[in-house]
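**Student:** Predicted coordinates and the sequence they were generated for:
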Amino acid sequence: QVQLVESGGRLGQAGGSLRLSCAASGRSLDNYGMGWFRQAPEKEREFVATISPGGGLIYYVDSVKGRFTISRDNAKNMVYLQMNNLKPEDTAIYYCAASQIGATRLVRQYAYWGQGTQVTVSS
């Protein structure tokens, strides 16, 4: 089992920056693709970014390309999401997830999920 705990979500301003962190325990993340997803009120959970176990493959949803950066530190069992130039439409609960498939955009391919952290961006 992999336990994931997100942190770093808070109220931010449009144009500002936030850094989300995801701490893993239970198992090493070395063999897991990691992803960030988000869910806004009354909307489905949406893929944001994913990174392969070694960090060599990274994918983003088009709406965050050039603004968000996913990274990982396997030695610390941590995954990060640096969010720059925030927009009100980035407001959502952000979830960290782990997949044995590797770097994937598909929700159903992630077996482990955190509880989420709230990001609110004011205009």
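**Tutor:** That came in fine, so what should we check first? Numbers count the residues shown, from 1 in each chain.

**Student:** What about the closest residue to residue 28 other than its chain neighbours, how many residues nearby?
**Tutor:** Nearest residue to residue 28 in three dimensions, chain neighbours excluded: residue 77, at 6.5 Å (CB to CB, 6 or more residues apart in numbering). Any C-beta I mention is one placed from the backbone N, CA and C, and that applies to glycine too. Residue 77: 18 surrounding residues under other CB atoms under 10 Å.

**Student:** tell me the contacts of residue 77?
**Tutor:** 23-25, 28-29 (CB atoms under 8 Å, 6 or more residues apart in numbering).

**Student:** how near is it to residue 96?
**Tutor:** From residue 77 over to residue 96 the distance is 12 Å, taken as CB to CB, to the nearest Å.

**Student:** do the same with residue 31
**Tutor:** Distance, residue 31 to residue 96, using CB to CB: 16 Å.

**Student:** between these two, who's got more neighbours?
**Tutor:** Higher neighbour count among residue 31 and residue 96: residue 96, with 28 against 12, using other CB under 10 Å.

**Student:** What residues are bridge-paired with the more buried one?
**Tutor:** Residue 96 has these beta-bridge partners by DSSP bridges: residue 36.

**Student:** what does residue 25 give?
**Tutor:** Applying DSSP bridges, one finds that residue 25 bridges with residue 3.
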